[in-house]
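Asks: Got a sequence here, can you model it:
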Amino acid sequence: MAPAVSLRDAVALAGSFPLLAGVTLDVDEGEIVHISGPNGAGKSSLLRLCCGLVALRSGTAIVLGHDLALDRRTVRLLVGYLGHETFLYEELTVEENLLFALRASGSSTSEAKADAKSAMARLELTGRLPGTQVGKLSAGQRRRTAIAVVVGRRPRLWLLDEPHAGLDHDARVLLDEIVAEARSGGATVLLSSHELGEPGAQQLADRVVHLAGGRVVGAPAALESETAHVA
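Replies: Below you'll find the model as predicted:
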């Protein structure tokens with residue numbers, strides 16, 4: 001079976017500045033990989049490359065069987081990306097945001113309504129919250145709404161950039177459960193964190209890949225070995 005993500009000497013630039021300086025990485029279908037590294041290491045750029053938001057300058061990048069050098073648009077419909085920004089419309093309600101995102105990803109109106117309702121319930125966006133404008137939500141509620149968009153899309157590849165940021169303890173535990181459920185359903189997950197000791201990341205991931213200076217540094221290690229090293 002081909003990897004869900006296969007990068008070979010992948011380079012991405014912002015102007016002349018290297019966001020990624022030659023990343024080589026394979027991620028198997030159904031695997032959860034923790035992308036670790038300091039701020040500025042290239043973690044966010046790696047995830048944005050995989051979802052087609054950053055252009056590949058050189059090297060190769062195959063995501064879910066699609067060559068990103070030739071087609072970035074198709075991949076965007078197959079992945080779920082949670083970034084630092086929520087990409088939500090503040091003037092729309094929680095439910096309206098979900099319906100808009102799900103319809104834009106190709107779901108029928110009936111499918112979008114059903115998936116939005118299920119996702120809101122799973123993220124505990126209930127009561128008055130579905131009808132509340134996003135601009136009136138707390139930071140944690142906005143983050144849960146953004147996660148609900150990913151859940152509702154049921155993507156084959158989850159790309160989660162610092163996913164626990166802005167969430168309280170209960171919401172972090174809930175997110176971990178959701179990611180585990182996604183993997184049980186066959187999804188592949190890449191999640192980033194600048195701290196190897198991030199509890200949720202450690203508990204979820206099958207292995208850790210370290211980035212520094214836009215490159216993978218060191219050999220990808222099994223999570224058990226990483227935990228032992230930190231201890």
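Asks: tell me the helices in this protein, going along the chain?
Replies: For the chain, helices defined by DSSP state H occupy the ranges 43-50, 73-76, 94-104, 109-122, 139-153, 169-184, 199-204, 223-230.
Asks: Deepest-packed of those, please.
Replies: Each of the helices of the chain was scored by mean neighbour count; the highest is helix 43-50, a mean of 24, by mean count of other CB atoms under 10 Å. For the C-beta atoms, the positions are set from N, CA and C on the backbone; glycine is no exception.
Asks: Give me the helices and strands touching that one, please.
Replies: With contacts taken as 3 or more CB pairs under 8 Å, 6 or more residues apart in numbering; DSSP states H and E, helix 43-50 sits against strand 5-14, strand 17-27, strand 32-36, strand 58-63, strand 79-82, strand 157-161, strand 188-193.
Asks: Give me the residue at the spatial middle of the chain.
Replies: The centroid of the chain falls nearest to residue 159 when counting by CA atoms, centre = their mean (1.8 Å).
Asks: give the contact list for it.
Replies: 47, 50-51, 79-82, 190 (CB atoms under 8 Å, 6 or more residues apart in numbering).
Asks: Could you single out the nearest of those to residue 150?
Replies: residue 80 (3.7 Å; CB to CB).
Asks: And for that closest one, the neighbour number?
Replies: 23 (other CB atoms under 10 Å).
Asks: for it, what are its contacts?
Replies: Counted by CB under 8 Å, 6+ apart, residue 80 has contacts 149-151, 153-155, 157-159.
Asks: tell me the domain ranges of this structure?
Replies: 1-78+155-231, 83-154 (automatic domain parsing).
Asks: And the shortest one, end to end?
Replies: This means domain 83-154. 17 Å (CA to CA, to the nearest Å).
Asks: where does the chain dip in pLDDT?
Replies: For the chain, the stretches with pLDDT under 70 are 194-202, 219-231.
Asks: contacting residues around residue 75?
Replies: 50-52, 63-64, 66, 68.
Asks: now do residue 51
Replies: 63, 75-76, 79, 81, 157, 159.
Asks: farthest-separated two in those?
Replies: 63 and 81 (11.6 Å).
Asks: ok, residue 218 to residue 210 distance?
Replies: Residue 218 sits 5 Å away from residue 210, going by CB to CB, to the nearest Å.
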